[in-house]
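J.: here's a sequence, model it:
(2 chains)
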Amino acid sequence: MSSTEQGTSSAAPAEPTTAPESAAAPEVPESFYYVHGKDKVVHKVSAGALQHSALIHGMISNLGYTEEQAKANPFPFENIDGDILQMVVDWCNQHKGKPTPPEDTNLPKQKEKLFDLVLAVNYLEIKELLTYCCKQVAMMVKGKSPEEIREIWMIPTDAEDEAAEKEAKKRAGKEAAGETAAAAGDAK
Amino acid sequence: MSFDIGKLAEKTESLSIDPIYNTNWCDMPDDIKLECIGKMEFRERLSLRCTAKAERSLVDLQKIKFSRGSFFSDIYSDHYNVYLASKNGDTLDKEFKNAHRALKPMKTTWKIGVFENFFIASNEKAVKKEMKSYNGKISAKNINLHNCDNEMAVAVLQKMNPGVESITMDNYDNIRSYPVDKILKISVVQNASYWQIKRYHQMDILHKVTQMWIDNNSKIGFTFQVFYFENPPPDSSFEEFSDRFANRIV
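T.: You can find the predicted model right below:
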């Protein structure tokens, strides 16, 4: 299993402040967790960056995962392509502890990647990134006619849909008939 | 909190058997599609609505906010106009030669739109017929009925969804008498905080509106304005009004 260090480094020690000693909280080193996608490439992500994902955050809280245990058992997201997970990790790192801007211009423009990203982000429950992605999806069809939208998003016409449904029913009927015949043959 | 390896194994197992995602609009779950539709401008929504039945149903689930909408017909030049404007300035302005064709997109827009201001100006028979047979509702905060006769005014007001804040009626033709009793029974009229009628001469409306407010225990602050441009009112409506409500006027 290969490994990439994508996370941010641990926080630097705090500068001395003029606050009374009793009020100064001890510096807590940042924890890191590990995730991998379909390509098994492991990404190291800080707990702060992972706060964006409600799913991972929930898993960490519910499982009481320590850093050592996290290193040994990266969170597997086999349903997410490696490059898509990389994008998600990068976004989480970039926006760690920062207010999210109203626009994000770094999102992919290619249809396939964007849809994959939308689905991954939805799965990982990253609300702000999902909002950006959906806006980007909406922008894909800006100023387009119904025909153009159908073409861009590969939306079948109602007639095509009905034909496909008929075909599926026909196939299911044939399969059921085949199974019945086989069962009758077995009974004999 | 202790680390539960059993729980983790269970969780990771369930993650691994999730389906591999496809990358097409049609494979997106409906809630994501709805989120995307919510980010679209009204033109794109209306276009998407025309692509397939499934998309139409989804688009119809999300209300579109319009800052302004209007429908008017000009019987002399035989044309019909539909105008829509969104809050960010996106507009659609289309002319039609036939009432049915013009009202088709208008009805679709009424179905999925919420208007800040809606203006309707038509007295035409074909439009009235279409309006009366329209089964849906219109959502608007402010409605302006311009040159609509009795039949048309009642038909439009009856189609309004609750939430109308102001109603303006202006009739420059020879209609001087709306069917007030009928109009006062319409709930959006009873609940609108502002109602204005221009060029109107049946001044008994003053005490009728007042009585309606009293009967409905309406909030203080509701406003009714009626004014005429030409001859003074033929009756002594203000006297009648003050006589009727003498014990309530402070």
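J.: if I look at residue A:66, how far off is residue A:72?
T.: Using CB to CB, to the nearest Å, we find residue A:66 at a distance of 10 Å from residue A:72. Just so you know, the C-beta spots here come from the backbone N, C-alpha and C atoms, and that holds for glycine as well.
J.: what of residue A:183?
T.: Distance, residue A:183 to residue A:72, using CB to CB: 49 Å.
J.: okay, residue A:66 and residue A:72: which has more neighbours?
T.: residue A:66 (14 against 9; other CB atoms under 10 Å in any protein chain shown).
J.: any idea how far that one lies from chain B?
T.: Using CB to the nearest CB, to the nearest Å, one gets 6 Å for the distance from residue A:66 to chain B.
J.: which secondary element of chain A has the worst mean pLDDT?
T.: The least trusted helix or strand in chain A, going by mean pLDDT, DSSP states H and E, turns out to be strand A:3-4, with a mean of 45.
J.: next, count neighbours for whatever residue of chain A ends up closest to chain B.
T.: Closest to chain B within chain A is residue A:64: 3.2 Å, counting by CB to the nearest CB. When counting by other CB under 10 Å, one arrives at 13 neighbours for residue A:64.
J.: how about it, phi and psi?
T.: phi 60, psi 50 (degrees, to the nearest 10).
J.: my guess is residue B:157 contacts residue B:182. True?
T.: No - Residue B:157 is beyond contact range of residue B:182, at 9.3 Å (criterion: CB atoms under 8 Å).
J.: who has more neighbours, the two?
T.: Higher neighbour count among residue B:157 and residue B:182: residue B:157, with 23 against 14, using other CB under 10 Å.
J.: extract the residue ranges of chain B that are flagged as low pLDDT.
T.: Under the criterion pLDDT under 70, the flagged ranges of chain B are B:1-22, B:172-177, B:203, B:228-237.
J.: please, where are all the strands along it?
T.: B:64-74, B:79-85, B:91-96, B:113-121, B:139-146, B:166-170, B:194-198, B:223-227 (DSSP state E).
J.: export these to JSON lines and tack on distance to chain A?
T.: Listed next are the strands of chain B as JSON lines, based on distance: least, CB to the nearest CB, whole Å:
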{"stretch": "strand B:64-74", "distance to chain A": "13"}
{"stretch": "strand B:79-85", "distance to chain A": "16"}
{"stretch": "strand B:91-96", "distance to chain A": "12"}
{"stretch": "strand B:113-121", "distance to chain A": "18"}
{"stretch": "strand B:139-146", "distance to chain A": "23"}
{"stretch": "strand B:166-170", "distance to chain A": "32"}
{"stretch": "strand B:194-198", "distance to chain A": "35"}
{"stretch": "strand B:223-227", "distance to chain A": "39"}
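J.: contacts only, for residue B:98.
T.: residue B:80 (CB atoms under 8 Å, 6 or more residues apart in numbering or on different chains).
J.: ugh, wrong one, I meant residue B:90
T.: With CB under 8 Å, 6+ apart, residue B:90 has these contacts: B:41-43.
J.: which residues of chain A score low on pLDDT?
T.: A:1-28, A:100-106, A:109, A:187-188.
J.: in it, which helix has the most residues?
T.: helix A:158-187 (DSSP state H).
J.: show me what that helix is packed against.
T.: Applying 3 or more CB pairs under 8 Å, 6 or more residues apart in numbering or on different chains; DSSP states H and E, one finds that helix A:158-187 contacts helix B:53-61.
J.: the helix it packs on near chain A at all?
T.: Yes - on the criterion CB under 8 Å from any CB of the partner chain, helix B:53-61 is in touch with chain A at B:53-55.
J.: of these, buried ones?
T.: Buried members of those, scored by 16 or more other CB atoms under 10 Å in any protein chain shown, are residue B:55.
J.: related to what we said a few turns ago, who wins on neighbours among the contacts of residue B:90?
T.: Within the contacts of residue B:90, most neighbours by other CB under 10 Å means residue B:42, with 20 neighbours.
J.: contacting residues for it?
T.: Residue B:42 makes contact with B:64, B:66, B:84, B:86, B:90, B:92, B:113, according to CB under 8 Å, 6+ apart.
J.: skipping adjacent residues, who's closest to the residue nearest the centre of chain A in space?
T.: Nearest to the geometric centre of chain A sits residue A:120, at 2.4 Å (CA atoms, centre = their mean). The shortest distance from residue A:120 to any non-neighbouring residue, by CB to CB, 6 or more residues apart in numbering or on different chains, is to residue A:80 (4.5 Å).
J.: repeat for residue B:75
T.: Leaving aside its chain neighbours, residue B:75 sits nearest to residue B:124 (5.5 Å; criterion: CB to CB, 6+ apart).
J.: mind listing the strands for chain A?
T.: Counting by DSSP E, chain A has these strands, from start to end: A:3-4, A:32-36, A:42-46, A:75-76.
J.: can I get those in JSON lines including distance to chain B and mean neighbour count?
T.: Output for the strands of chain A, formatted as JSON lines (distance: least, CB to the nearest CB, whole Å; neighbours: other CB atoms under 10 Å in any protein chain shown):
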{"stretch": "strand A:3-4", "distance to chain B": "18", "mean neighbour count": "14"}
{"stretch": "strand A:32-36", "distance to chain B": "11", "mean neighbour count": "22"}
{"stretch": "strand A:42-46", "distance to chain B": "14", "mean neighbour count": "22"}
{"stretch": "strand A:75-76", "distance to chain B": "5", "mean neighbour count": "22"}
